[in-house]
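**Student:** let me see the structure of the following:
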Amino acid sequence: MAEMRLSGVSKVYPNGFRAVSDVNLDIADGELLVLVGPSGCGKSTILRMIAGLEDISEGVVEIDGRIVNSETPRERDIAMVFQNYALYPHMTVQKNIGYALRLGKVPKVEAVRRIEETAAMLELSDLLDRKPGVLSGGQRQRVAMGRAIVREPAAFLMDEPLSNLDARLRVQMRAEIIRLQRNLGTTTVYVTHDQVEAMTMGSRVAVLRDGVLQQVDRPQVLYDHPDNVFVAVFIGSPSMNLYQGRIERTTTAARVVFGAHSFPLPEQQTKGDESSDIDGQEVVVGIRPEWLVERTRDNADWPSVRVRVDLVEALGSELVAHTTIDAAGAEIDTPELAEASVGEPREGALCLARLSPTSQVAVGDTIDLAINRPSLHLFDTATGRALRLGEDR
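**Tutor:** Got it, this is the predicted structure:
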């Protein structure tokens, strides 16, 4: 097992393109850390720099306190699991799993023991004599994982290992990887572009955008307390609704106003020095779809918004209502750091709501949706940074 530390790590290619910028990251011994972000954000590049498959332009990578910038991949004692499995088609499952042991000249008796134990762990014992071509995608992925596990490395690096599997197998293999990692206790860095995968697998999640680390924390903290509007939108499915708004404050209270709607700010959000000059401040207002519920007599005193239903998706366990709200939408469109860009006001904006599967809402209805949260997410329009306003984390 191993601790890892990335200090000021950057990757700049010969043509001047900066794929990764000044990443600082501590990975604890035995931790499963997930790197997540859109395609092309630099997450796989970071993984390859840790592995030694990509040169580091700036900064330092340490493994167990040892600087490894100039070490070969083999010297780093790290095993990688790739997206495309990278199995040898002419070799049996047994030989694929044991290939690294043969290269390392591990004694035959020890190699057989490790292969058999690994195969049993991955439920591959009955497939050892088969070749990859006759295996299913899930079985091939388990063989690729077995080849990494059998080496007993200090750490695992996994680069989108489930992206080639269908939805059912992805869920199954996700649970399998979590179970194996917990049982083995091996430090693991896992790369994915799927935020559901990230949220369900990682003890901590690092969110990247355009090579810049946006936030690193436990999954629930990323969901509840995003540091900026990009993290807020990227984490959560469907995405958070964003609207242009402003804060209006009196001597006794404060409200956030967006379009035809307003929402009282709780007392704890308007305490302290940070909130002293908020009156009139332009903000981006964030409302998660799951915070919106149909208005009833039981929640009649909750703040609410009026919307027009444009589309209803019946998903079995829930309904996702696509509605129009009387407010101006806010978009993220800056390619550098996350920013909320306020565009031209328009007639209404999209509002997604996750409703009960028993809901009777229909296209064309105008309904009131109550907001079941005591506070909304607020972000600075110029920087995209979250406005905590005295919020106690």
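
**Student:** any idea which helix or strand carries residue 198?
**Tutor:** helix 195-201 (DSSP states H and E).

**Student:** quick one: contacts of that helix?
**Tutor:** Contacting residues not belonging to helix 195-201 are listed as 32, 34, 36, 162, 170, 174, 177-178, 190, 192, 205, 219, 222-223, 234-237 [Cβ atoms under 8 Å, 6 or more residues apart in numbering]. Using the backbone N, CA and C atoms, a C-beta is placed for each residue, glycine as well.

**Student:** which PyMOL command selects the buried ones in these?
**Tutor:** Filtering those down to the buried ones (16 or more other Cβ atoms under 10 Å) takes a single PyMOL command:
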select buried, resi 32+34+36+162+170+174+177+178+190+192+205+219+222+223+234+235+236
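
**Student:** what comes into contact with the lowest-mean-pLDDT helix or strand in the chain?
**Tutor:** In the chain, the helix or strand scored least confidently by mean pLDDT, DSSP states H and E is helix 167-184, which has a mean of 88. The contact list for helix 167-184, computed with Cβ under 8 Å, 6+ apart, reads 32, 121-122, 137-138, 141-142, 145, 149, 156, 158, 161-162, 165, 188, 190, 197, 200-201.

**Student:** so where's this structure shaky on pLDDT?
**Tutor:** 1, 267-277, 332-346, 389-393 (pLDDT under 70).

**Student:** can you map out the helices along it?
**Tutor:** 43-51, 93-103, 108-121, 137-149, 167-184, 195-201, 219-224, 229-234 (DSSP state H).

**Student:** quick one, domains of the protein?
**Tutor:** With domains defined by automatic domain parsing, the chain comprises 4-233, 234-380.

**Student:** now those domains in JSON lines, with distance to residue 386?
**Tutor:** Below are the domains of the chain laid out as JSON lines (distance: least, Cβ to Cβ, whole Å):
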{"stretch": "domain 4-233", "distance to residue 386": "6"}
{"stretch": "domain 234-380", "distance to residue 386": "6"}
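
**Student:** related to what we said a few turns ago, nearest to residue 366 among the helices of the chain would be which one?
**Tutor:** Closest approach to residue 366 among the helices of the chain is made by helix 229-234 (26.7 Å; Cβ to Cβ).

**Student:** and residue 387, which of the domains of the chain is closest to it?
**Tutor:** That would be, of these and by Cβ to Cβ, domain 234-380, which comes in at 4.4 Å.

**Student:** now the closest one, how far from the chain's geometric center?
**Tutor:** Relative to the centre of its chain, domain 234-380 is centred 22 Å away, using Cα atoms, centre = their mean, to the nearest Å.

**Student:** tell me which residue is most central in the chain.
**Tutor:** Taking Cα atoms, centre = their mean, the centroid of the chain lies closest to residue 195, which sits 3.7 Å from it.

**Student:** quick check: it vs residue 230, distance?
**Tutor:** The gap separating residue 195 from residue 230 is 12 Å, by Cβ to Cβ, to the nearest Å.

**Student:** and residue 379, what are its bridge partners?
**Tutor:** residue 284, residue 386 (DSSP bridges).

**Student:** now the strands for the stretch 201-350 of the chain?
**Tutor:** With DSSP state E, counting those that start in this stretch as the criterion, the stretch 201-350 of the chain has strands at 204-209, 212-217, 241-249, 254-258, 261-264, 282-287, 292-294, 304-314, 319-325, 349-355.

**Student:** so which of those strands comes closest to residue 48?
**Tutor:** strand 204-209 (13.9 Å).

**Student:** may I have the strands that pair with that closest one, each with its orientation?
**Tutor:** Counting by DSSP bridges, strand 204-209 is paired with strand 32-36 (parallel), strand 212-217 (antiparallel).

**Student:** phi first, then psi, for residue 327.
**Tutor:** Reported as degrees, to the nearest 10, the phi and psi values for residue 327 are phi -160, psi 170.

**Student:** so how many other residues sit close to it?
**Tutor:** If you count neighbours by other Cβ atoms under 10 Å, residue 327 ends up with 26.

**Student:** that one contacts residue 260, correct?
**Tutor:** Yes. Residue 327 is in contact with residue 260 according to Cβ atoms under 8 Å; the separation is 7.0 Å.

**Student:** between these two, which contacts overlap?
**Tutor:** Contacts common to residue 327 and residue 260, judged by Cβ under 8 Å, 6+ apart, are absent.
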